[in-house]
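Engineer: let's see this in three dimensions:
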Amino acid sequence: MKISFILTIFVFLNLCVLSSEIILNLFIVLVIFNFLFTTVLEYLNDKNWKDEIPNDLKDFYDAKSYLKAKNYKIERGRLSSLSSLISFVFTVTMLYFLGFGLLSDLSVSFSESVIVQSSIFFLILYLFNFILGIPFSYYSTFVIEEKYGFNKTDLKTFILDKIKGLLISCIIIIGLISLALFIIESFSSGFWLWLWLGLSLLMILLNMFYADLIVPIFNKLTPLENGDLRSKIEAYSKKVGYSLKNIFVIDGSKRSSKANAFFSGLGPRKTIALYDTLIEKHSDEELVSVLAHEVGHYKKKHILLSMLITICQLGIMCYLFEMCISFDVIANSLGSSSMNFHIGIIAFSFLYSPIGLIIGILMNILSRKNEFEADEYAKLTYDGNALSLALKKLSVDSLSNLYPHPLYVFVHYSHPPLIKRLDALNKKTPQ
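Structural biologist: Residues are numbered from 1 along each chain as shown. Down below sits the predicted model:
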């Protein structure tokens with residue numbers, strides 16, 4: 001990981017003197033490294049299962065259900081590994097045989113408009129991956145999830161979800177391409193700053209209106225009825241000075257028996273959506289404790305800090321992207337005679353991957369710290385025991401891995417492993 005990061009920085013600093021062959025070989029090396037690194041991590045994680053059930057969970061797991069959780073993780077891991085292998089082979093093949101350049105030439109032949117050219121390029125790639133992913137998605141939903149009692153999706157819902165996802169993705173792809181190319185053509189040199197501002201604004205707007213615009217396309221949101229649960233949520237919100245007017249129930253049971261919840265929005269747009277399966281399986285005290293945890297993120301400024309860091313990361317990406325597309329040698333390495341927007345995006349995705357991996361790890365370290373702080377806030381302002389009970393039930397319900405490998409946690413986990421969260425909640429808070 002460190003070596004690939006150093007190589008990437010070296011390339012960005014020496015683009016003017018490297019040949020297209022060297023850059024192409026670097027792309028292939030980076031793809032191989034990412035695949036091997038991910039595969040090794042998955043292997044270590046799968047082998048890290050232990051036979052004994054943790055003491056805190058012996059009342060929730062028996063030997064049969066614990067074995068069920070292990071088998072569930074193994075089966076999902078095998079399917080994910082097969083999907084990753086196919087994606088890896090496809091990417092290396094496209095690089096080695098200059099497939100991205102050939103696809104670019106094909107896209108350019110359709111129109112004089114750069115927006116149309118780039119849209120066709122990315123839509124072809126997206127449609128290929130979309131079609132390739134359907135069998136994996138179908139098998140995951142109707143075989144693995146069905147086998148372990150999670151699936152509630154019928155074939156009609158599955159097909160409609162795919163169609164909706166396809167249409168939304170196409171709209172987003174064309175919209176982002178149009179926005180980016182408009183900015184690039186309008187400002188030319190130094191466009192990265194305006195591209196950064198545009199993408200940052202778009203991210204903030206999507207965060208604010210996600211529950212209003214995106215969620216209703218796939219699920220039905222209904223206001224939480226007046227009753228004990230709503231009264232307790234409103235009483236807690238008032239107690240800690242957290243304004244929350246939008247409390248919804250989402251019909252998650254139409255697809256899965258797994259319980260979940262999400263929070264979105266900023267300012268007056270703050271929204272909590274509780275899955276009906278979550279309400280069904282948890283007591284009011286447990287549900288309010290989960291809310292208290294999320295309020296902790298708000299009170300500790302975690303949400304604001306994460307957004308600011310993400311905006312800074314977007315700025316780095318935009319700056320490096322402008323640097324990347326200023327060199328025709330990069331386009332040549334992918335089989336294109338000259339640089340254009342879509343070839344630049346493909347090349348940049350390879351070059352940025354090690355940097356993105358490092359930033360992702362650092363973000364996960366920060367996120368895990370924030371989760372501990374939010375747990376502590378819920379413990380102090382509501383009930384740590386109720387939160388512990390909710391976390392245990394959620395883990396058992398989703399058949400989560402109780403013994404993830406430390407290196408896998410370090411790289412991939414945005415939340416601390418369950419056992420560490422329970423240990424922290426069980427510690428007495430200093431007076």
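
Engineer: residues in contact with residue 56?
Structural biologist: In this structure, residue 56 makes contact with 388, 392, 419, 422, 426, judged by C-beta atoms under 8 Å, 6 or more residues apart in numbering. Every C-beta, even on glycine, is put in place using the N, C-alpha and C of the backbone.

Engineer: residue 39: which of those residues is nearest?
Structural biologist: When the contacts of residue 56 are compared for distance to residue 39 (C-beta to C-beta), residue 419 comes out closest, at 25.6 Å.

Engineer: what's the spacing between the closest one and residue 57?
Structural biologist: As defined by C-beta to C-beta, to the nearest Å, residue 419 lies at a distance of 8 Å from residue 57.

Engineer: if I look at the two, which residues touch both of them?
Structural biologist: The overlap between the contact sets of residue 419 and residue 57 (C-beta under 8 Å, 6+ apart) consists of residue 402.

Engineer: just the strands in the stretch 101-250 of the chain please.
Structural biologist: Counting by DSSP state E, counting those that start in this stretch, the stretch 101-250 of the chain forms strands over residues 221-223, 246-250, given from the N-terminal end onward.

Engineer: who wins for proximity to residue 236 among these?
Structural biologist: strand 246-250 (11.6 Å).

Engineer: alpha carbons of the next helix or strand after that closest one, as CSV, please.
Structural biologist: On the C-terminal side of strand 246-250, the closest following helix or strand by DSSP states H and E is strand 261-264. What follows is strand 261-264 as a C-alpha-only set of coordinates in CSV (Å, rounded to 0.1, in the frame of the first residue of the first chain):
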residue,chain,number,x,y,z
ALA,A,261,-32.3,3.4,10.2
PHE,A,262,-30.8,6.4,8.6
PHE,A,263,-30.5,10.1,9.3
SER,A,264,-30.1,12.8,6.7
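
Engineer: who does strand 261-264 pair up with?
Structural biologist: strand 271-275 (antiparallel) (DSSP bridges).

Engineer: how about residues contacting the strand it pairs with?
Structural biologist: Where contact means C-beta under 8 Å, 6+ apart, the residues beyond strand 271-275 that reach it are 211, 215, 221, 224, 233, 244, 246-250, 252-253, 259-265, 287, 291, 294.

Engineer: any idea which helix or strand comes after that strand?
Structural biologist: With elements assigned by DSSP H and E, the helix or strand that comes after strand 271-275 is helix 276-281.

Engineer: related to what we said a few turns ago, let me have the contacts of residue 56 in CSV, extended by secondary structure.
Structural biologist: As requested, the contacts of residue 56 are exported to CSV (DSSP: H, G, I helix; E, B strand; the rest coil):
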residue, secondary structure
388, helix
392, helix
419, helix
422, helix
426, helix
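
Engineer: can you flag the buried ones in the residues you listed?
Structural biologist: Applying 16 or more other C-beta atoms under 10 Å to those, the neighbour count classes 388, 392, 419, 422 as buried.

Engineer: contact partners for the last one?
Structural biologist: Same thing as residue 422. Listed by C-beta under 8 Å, 6+ apart, the contact set of residue 422 reads 56, 388, 391-392.

Engineer: what is the lowest-pLDDT residue among those residues?
Structural biologist: Of all the contacts of residue 422, the one the model is least sure of by pLDDT is residue 56, with 79.

Engineer: and the pLDDT at residue 263?
Structural biologist: 79.

Engineer: that one pairs with what?
Structural biologist: According to DSSP bridges, the partner residues bridging residue 263 are residue 272.

Engineer: which residues does it contact?
Structural biologist: Residue 263 touches 270-273, 294, counting by C-beta under 8 Å, 6+ apart.

Engineer: from residue 246, how far out is it?
Structural biologist: Taking C-beta to C-beta as the measure, residue 263 falls 10 Å from residue 246.

Engineer: ditto for residue 336
Structural biologist: From residue 336 across to residue 246, the span is 48 Å (C-beta to C-beta).

Engineer: and the two? Which one has more around it.
Structural biologist: Each of residue 336 and residue 246 has its neighbours counted (other C-beta atoms under 10 Å); residue 336 has more, 24 against 17.

Engineer: so what's residue 409 closest to, chain neighbours aside?
Structural biologist: In space, residue 409 comes closest to residue 417 once its chain neighbours are excluded; the distance is 6.0 Å by C-beta to C-beta, 6 or more residues apart in numbering.

Engineer: hang on, isn't the one you found packed against residue 410?
Structural biologist: No - in this structure, residue 417 is not within contact of residue 410 by C-beta atoms under 8 Å, at 11.0 Å.

Engineer: those two: who's more crowded?
Structural biologist: Between residue 417 and residue 410, counted using other C-beta under 10 Å, residue 417 has the larger neighbour count: 20 against 14.

Engineer: now do the contacts for that one.
Structural biologist: The contact partners of residue 417, by C-beta under 8 Å, 6+ apart, come to 402-404, 409.

Engineer: ditto for residue 375
Structural biologist: With the criterion set at C-beta under 8 Å, 6+ apart, residue 375 makes contact with 293, 296, 384, 387, 421, 424-425.

Engineer: pLDDT value on residue 259, please?
Structural biologist: Reported pLDDT for residue 259: 79.

Engineer: just for the chain, where's the confidence low?
Structural biologist: Filtered on pLDDT under 70, the chain yields the residue ranges 1-18, 267-268, 428-431.

Engineer: what's the closest non-adjacent residue to residue 408?
Structural biologist: In space, and not counting its chain neighbours, residue 408 is closest to residue 45: 4.1 Å by C-beta to C-beta, 6+ apart.

Engineer: how close does that neighbour get to residue 92?
Structural biologist: 24 Å.

Engineer: can you read off the backbone torsions of the residue nearest to residue 409?
Structural biologist: Note on residue 417: backbone dihedrals following degrees, to the nearest 10 are phi -60, psi 150.

Engineer: and the gap between it and residue 300?
Structural biologist: Computed as C-beta to C-beta, the residue 417 to residue 300 distance reads 21 Å.

Engineer: residue 258 now?
Structural biologist: As for residue 258, its distance to residue 300 is 27 Å (criterion: C-beta to C-beta).

Engineer: out of the two, which sits in the more crowded spot?
Structural biologist: Set side by side, residue 258 and residue 300 give different neighbour counts by other C-beta under 10 Å, the larger being at residue 258 (19 against 15).

Engineer: I'd say that one and residue 396 touch.
Structural biologist: No - using C-beta under 8 Å, residue 258 and residue 396 do not qualify as a contacting pair, with a distance of 11.1 Å.
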